[in-house]
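> need coordinates for the following:
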Amino acid sequence: VAIQCEQEVPEPARRPGPVVAIDRGVTNLLGDSDGRLVPNPKHLDASLRRLAHAQRVLARRTKGSQRRARARLRVAKLHRTIRRQRAHVLHVLSARYAKSHGVVIVERLNVAGMLRGGLGRHLSGAGWSSFCMMLRYKLEATGGRLVEVPAPYSSQTCPACGVVDAASRQGDRFRCVACGHEAHADLNAARVLLSRGNLGDAGRGGFRAVSGPVKRQLRVVRRGHSTVQVPGLLKSPGLQSG
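Predicted structure coming up:
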């Protein structure tokens, strides 16, 4: 006998709280606009040698044999261990942000397309899609909100003066070629993402993301051999470098 019942769950009231932007990465799992860097545990990389060995053993086993069945089970266990370790880290992080912030801003990425590229294994190990999914439902359950903003040029943009130049990004460091602003590249990108989310109706405490491709909002200026693009949406006085 199956009994179904329906229960109305009231929408949680929107709660005020700090706003933070998160830049997801590969070397670091994430960097946020509050200045925090979280190293990527890279569970998949740490177990890669054992996993590769187990897969080679599996390939050598005769199909249908008991030894092949045991080898297949070992490979499956290694994958399961990695998934559980990764999920634990993501649950802890997403819960921490959902409890401490009212709005979390992330970049809108085509993760599925990137997984097919050269960074596929690293992005899968970092669990970008899973992290956003966890953030969204935990924020919504507590009256918070996840906001996605355009990703283009976030790694090349200076949050202090608004200049966009690929030469400003040097490995994991960002040094603006125009104003000299310096920061860790992941933290710098997080501050840019923070500026791309902007307050909506202040009376209602709303929050909306910048719409439309970022490139359309950039004014291109030629400076020597490089291209400098000055986005009009990066004029927030609260994001000037100190």
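
> buried residues, the longest helix along the chain. List them.
The residue-count maximum for a helix in the chain (DSSP state H) belongs to helix 66-100. Neighbour counts using 16 or more other CB atoms under 10 Å place 68, 71, 74-75, 78, 82, 86, 89-90, 93-94, 97-98 of helix 66-100 among the buried residues. The C-beta positions use only the backbone N, C-alpha and C, and glycine is treated the same way.

> just those now: which is nearest C158?
Of all the buried residues of helix 66-100, C158 sits closest to Y97, with 25.4 Å by CB to CB.

> distance of the closest one from D186?
Distance, Y97 to D186, using CB to CB, to the nearest Å: 16 Å.

> and the pLDDT at R72?
R72 carries a pLDDT value of 95.

> what is the neighbour count of R175?
When neighbours are defined as other CB atoms under 10 Å, R175 has 16 of them.

> residues touching it, list them.
Going by CB atoms under 8 Å, 6 or more residues apart in numbering, R175 touches S168, H181, E182.

> quick one: the helices in this structure, in order.
Remark: helices assigned in the chain by DSSP H are 43-46, 48-60, 66-100, 111-115, 120-126, 128-141, 185-196.

> quick one: closest of those to P18.
Here helix 66-100 is closest among these (CB to CB), at 7.0 Å.

> now that closest one and helix 48-60, what's the angle there?
Relative orientation of helix 66-100 and helix 48-60, computed by axes from the mean of the first three to the mean of the last three CA atoms, to 10 degrees: 150 degrees.

> please renumber so the chain begins at 19
Sounds good: first residue 19 from here, last item helix 84-118.

> for D204, which non-adjacent residue is spatially closest?
G49 (3.1 Å; CB to CB, 6 or more residues apart in numbering).

> might you quantify the distance of stretch 34-43 from its chain's geometric centre?
With CA atoms, centre = their mean, to the nearest Å as the basis, stretch 34-43 stands 10 Å off its chain's centre.

> and what of stretch 73-84?
In terms of CA atoms, centre = their mean, the centre of stretch 73-84 is set 38 Å apart from its chain centre.

> now stretch 60-74: average pLDDT?
Mean pLDDT, computed over stretch 60-74, is 82.

> for it, list the C-alpha coordinates in CSV.
The C-alpha trace of stretch 60-74 is given here as CSV (Å, rounded to 0.1, in the frame of the first residue of the first chain):
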residue,chain,number,x,y,z
LYS,A,60,42.7,17.2,-6.0
HIS,A,61,41.6,13.8,-4.7
LEU,A,62,41.5,12.5,-8.3
ASP,A,63,45.1,13.6,-8.9
ALA,A,64,46.3,12.2,-5.6
SER,A,65,44.8,8.8,-6.4
LEU,A,66,45.7,8.9,-10.1
ARG,A,67,48.6,6.5,-9.8
ARG,A,68,46.7,3.9,-7.9
LEU,A,69,43.7,4.3,-10.2
ALA,A,70,45.9,4.0,-13.3
HIS,A,71,47.5,0.9,-12.0
ALA,A,72,44.2,-0.7,-11.1
GLN,A,73,42.9,0.1,-14.6
ARG,A,74,46.0,-1.5,-16.2
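
> ok now that stretch, how far from the chain's centre?
24 Å.

> may I see the buried residues of that stretch?
K60, H61, L62, S65, L69, A72.

> which one among the residues you listed gets closest to C176?
K60 (29.6 Å).

> distance between the longest helix of the chain and the chain's centre?
Centroid separation for helix 84-118 versus its chain: 19 Å, with CA atoms, centre = their mean.

> for it, packing partners?
strand 46-50, helix 61-64, helix 66-78, helix 146-159 (3 or more CB pairs under 8 Å, 6 or more residues apart in numbering; DSSP states H and E).

> swap the cut-off to 6 Å and go again
helix 61-64, helix 66-78, helix 146-159 (3 or more CB pairs under 6 Å, 6 or more residues apart in numbering; DSSP states H and E).
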